[in-house]
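Student: quick one: sequence plus predicted model below, questions after.
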Amino acid sequence: DGGITQSPKYLFRKEGQNVTLSCEQNLNHDAMYWYRQDPGQGLRLIYYSQIVNDFQKGDIAEGYSVSREKKESFPLTVTSAQKNPTAFYLCASSTTGGSYNSPLHFGNGTRLTVT
Amino acid sequence: GESVGLHLPTLSVQEGDNSIINCAYSNSASDYFIWYKQESGKGPQFIIDIRSNMDKRQGQRVTVLLNKTVKHLSLQIAATQPGDSAVYFCAENSGGSNYKLTFGKGTLLTVNP
């Protein structure tokens, strides 16, 4: 089955450590995204990538970094500079820019807890 | 700033009833709108989308209505089932960029058997 795989589902880290969240898709989508979700909040865009070797900051990019070396993969690193890293992180992909009849497909998320 | 919002944060319905979830948007430049369903511990699942040149679009048991005059979007679910219980989000492509969707905070739909 085609889809988006995020791993791990739960991740625990100590404050001050960088951590990388994995996102892999086999949908042959060009665009990939990272969103953050906090309780009772809508999704907020961290980074997005329209094509391999290119990515842009979203609304809350500070304290995060990404890479897009392969079409299938878009890992997110949560750095120690991120002040409130504990959250539910969602990866998504789309064929282009999430256009009509080509919406964003989401993975099942990684819940990161930093203590 | 302009944002997508929801009229009702929670909605409780009886199984078999129709559900209506509302969403207000304020960015007049948005021309693409989407509804997502999110079950606990999972990622959002696409339900239906609509472009601004349409007023209505129907899917299987779901209908999305768009009223551009009052900047209002609604999701209607027919014959609501327990499996429909979830948080429903609307989203818009604020400013016309499909790469940067703005999501509402969500409405929790609870279906009582």
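Tutor: Received, thanks.

Student: how about the residue lying closest to residue A:54 once chain neighbours are set aside, what does it touch?
Tutor: What sits nearest to residue A:54 in space, not counting adjacent residues and going by CB to CB, 6 or more residues apart in numbering or on different chains, is residue A:68, at 6.6 Å. Glycine gets a C-beta too; all of them are placed from N, C-alpha and C. Taking CB atoms under 8 Å, 6 or more residues apart in numbering or on different chains, we find residue A:68 in contact with A:32, A:49, A:51-55, A:74.

Student: tell me the secondary structure at residue B:21.
Tutor: Following DSSP: H, G, I helix; E, B strand; the rest coil, the label given to residue B:21 is strand.

Student: quick one: residues in contact with stretch A:71-86.
Tutor: Residues outside stretch A:71-86 that contact it (CB under 8 Å, 6+ apart) are A:13, A:15-26, A:28-30, A:32-34, A:46-47, A:49, A:52, A:55, A:62-68, A:89, A:91, A:93, A:112-114.

Student: please pick the buried ones from those.
Tutor: A:13, A:19, A:21-25, A:29, A:32-34, A:46-47, A:49, A:55, A:64-66, A:68, A:89, A:91, A:93, A:112, A:114 (16 or more other CB atoms under 10 Å in any protein chain shown).

Student: related to what we said a few turns ago, return the subset of the contacts of stretch A:71-86 lying in strands.
Tutor: A:13, A:19-25, A:32-34, A:46-47, A:49, A:55, A:64-66, A:89, A:91, A:93, A:112-114 (DSSP state E).

Student: just those that are near chain B?
Tutor: residue A:33 (CB under 8 Å from any CB of the partner chain).

Student: low pLDDT regions in chain A?
Tutor: Chain A contains residues with pLDDT under 70 at A:1-2, A:97-102.

Student: and the residue most central in space within it, how close does it get to residue B:57?
Tutor: Residue closest to the mean C-alpha point of chain A, counted by CA atoms, centre = their mean, is residue A:34 at 2.7 Å. From residue A:34 across to residue B:57, the span is 29 Å (CB to CB, to the nearest Å).

Student: lovely, talk soon.
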